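Asks: based on what follows, work out the 3D shape:
(one chain, ligands or ions: 1)
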Amino acid sequence: KENGFYEQLEKTAVVPVVVLEKVEDAVPMANALVKGGLPAAEVTFRTAAAADCIREMSEKCPDILVGAGTVVNLEQCKRAVEAGAKFIVSPGYDDAIIDYCLENKVNLIPGAVTPAELTHLINRGFDITKFFPANLYGGLKATETLSAVFVGHRFMPTGGVNLENLPEFLGSKSIIAAGGTWMVKPALFADGDFSKVEEMTAEAAAVVKKVRG
Ligand code: 3PG
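Replies: So this is what the prediction gives:
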């Protein structure tokens, strides 16, 4: 939550979860997201190119908030930060990652879906956690029930979020921002043309404007 990160996340409202196989795609992807109106990217460590893509975006695209996603161990976390990631997202949590991020003032969104996991993360100082896979762990019903008990806690749901259910998610107080891959699926830019990404990003940005103002 350093440097107004939670406020920035709330304003961004939708975080595109990006899977990039090729470093050459990093800058065009960032440009399409910025032009479409969602200037944020969670670049996932599901590919070998992740750290290099983060470096490219953070060096060449000053208008985008670049973070790392699917970070599951400390080594990936350190590589992401070294490459310029401004935030780290984990589908679950790992105390070594938490220790490192707290010591180095790195913004971290760890993942939790159960009351026990949430208790642990709240006791470690987190007011915001990732809720993944949201569609399988109860969606909005679950986040709203958990927020009522863990008063004031808010979630970033991912997993099954799409243009159709986005208004519902963003309309809930239990949600700070939603994430997803639907506007950045590899098939949309397989030919190197990012106009479809930009178009679908703009559709999501329009929903943000309508629901959040
Ligand atoms: C994530 O890493 O958060 C998920 O891949 C997002 O899920 P989605 O592909 O259903 O959007």
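
Asks: near the ligand, which residues of this protein?
Replies: Residues of the chain lying near the ligand by CB under 6 Å from any ligand atom: 17, 44, 69-70, 132, 158-161, 179-182. For glycine as for every other residue, the C-beta is placed from the backbone atoms N, C-alpha and C.

Asks: report the buried members of these.
Replies: Buried members of the residues of the chain next to the ligand, scored by 16 or more other CB atoms under 10 Å, are V17, T44, G69, T70, F132, T158, G159, V161, G179, G180, T181, W182.

Asks: residues of the longest helix anywhere in the chain that come out buried?
Replies: The longest helix of the chain (DSSP state H) is helix 195-212. Neighbour counts over helix 195-212 (16+ other CB under 10 Å) mark K196, V197, E198, M200, T201, A204, A205, V207, V208 as buried.

Asks: can you tell me how far the fourth one is from T181?
Replies: I take that to be M200. Shown here: M200 relative to T181, a distance of 11 Å by CB to CB, to the nearest Å.

Asks: also the third one?
Replies: Between E198 and T181 the distance is 16 Å, computed by CB to CB.

Asks: neighbours of V72, how many?
Replies: V72: 16 surrounding residues under other CB atoms under 10 Å.

Asks: which residues does the nearest residue to it once chain neighbours are set aside contact?
Replies: Leaving aside its sequence neighbours, V72 sits nearest to S90 (CB to CB, 6 or more residues apart in numbering; 6.4 Å). Taking CB atoms under 8 Å, 6 or more residues apart in numbering, we find S90 in contact with T70, V71, V72, I97, L108, I109, P110, G111, K130.
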